[in-house]
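**Q** Compute the structure for the input listed below.
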Amino acid sequence: QVQLVESGGGLVQPGGSLRLSCAASGFTFSRYAMSWHRQAPGKERELVAVISSAGGSINYADTVKGRFTISRDNAKNTVYLQMNSLKPEDTAVYYCNRQMGGYVDYWGQGTQVTVSS
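**A** From the prediction side, this is the model:
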């Protein structure tokens with residue numbers, strides 16, 4: 001069965017960095033685009049970044065462009081989200097997703113990121 005397991009969340013001060021990882025299993029990872037969403041308390045879920053199956057096409061939300069970097073290692077079945085210059089408004093639960101035809105068909109359990117002094 002498809003499994004997406006996120007790790008790397010935590011508490012960080014404003015201006016700091018975190019690297020999220022998502023280990024995928026149960027499907028041929030290299031055939032699927034992957035993405036990260038986030039959801040803050042009381043807010044709608046937001047698409048943060050998407051990466052194509054081979055990594056050649058990447059898109060970011062305007063709110064994170066220039067600060068976050070999505071990448072993948074198809075040999076390790078892992079997708080990453082490097083987050084720099086973190087702001088309090090980046091506080092949210094971050095979810096790893098598998099994309100199918102432009103839509104999310106599987107979600108991980110999420111990892112909490114808290115940006116606070």
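**Q** For stretch 50-67, which residues meet the burial criterion?
**A** For stretch 50-67, the neighbour count (16 or more other C-beta atoms under 10 Å) marks 50, 51, 53, 55, 60, 64 as buried. In short, each C-beta sits where N, CA and C put it, glycine included.
**Q** Name the helix or strand of the protein that has the lowest mean pLDDT.
**A** strand 103-107 (a mean of 94; mean pLDDT, DSSP states H and E).
**Q** ok, and what's touching the next helix or strand after that strand?
**A** Next helix or strand after strand 103-107 toward the C-terminus (DSSP states H and E): strand 111-115. For strand 111-115, contacts defined as C-beta atoms under 8 Å, 6 or more residues apart in numbering pick out 6-14, 16, 18, 20, 38, 83, 86-94.
**Q** How far off centre is strand 111-115?
**A** Chain-centre distance of strand 111-115: 12 Å, with C-alpha atoms, centre = their mean, to the nearest Å.
**Q** now do stretch 15-29
**A** With C-alpha atoms, centre = their mean, you get 7 Å for stretch 15-29.
**Q** what is the mean pLDDT for it?
**A** For stretch 15-29, the mean pLDDT works out to 98.
**Q** and the residue nearest the centre of the chain, what does it touch?
**A** By C-alpha atoms, centre = their mean, the chain has its centre lying nearest to residue 36, at 3.0 Å. Residues in contact with residue 36 (C-beta under 8 Å, 6+ apart) are 20, 22, 47, 48, 49, 70, 79, 81, 94, 95, 96, 97.
**Q** In ChimeraX, how would I select just the buried ones from these?
**A** Here is the ChimeraX command that selects only those of those that count as buried (16+ other C-beta under 10 Å):
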select :20,22,48,49,70,79,81,94,95,96,97
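**Q** Just send the contacts of residue 36 back as TSV, with secondary structure and distance to residue 111 too.
**A** Formatted as TSV, the contacts of residue 36 follow (DSSP: H, G, I helix; E, B strand; the rest coil; distance: C-beta to C-beta, whole Å):
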residue	secondary structure	distance to residue 111
20	strand	6
22	strand	9
47	strand	16
48	strand	13
49	strand	15
70	strand	15
79	strand	13
81	strand	10
94	strand	5
95	strand	8
96	strand	8
97	strand	13
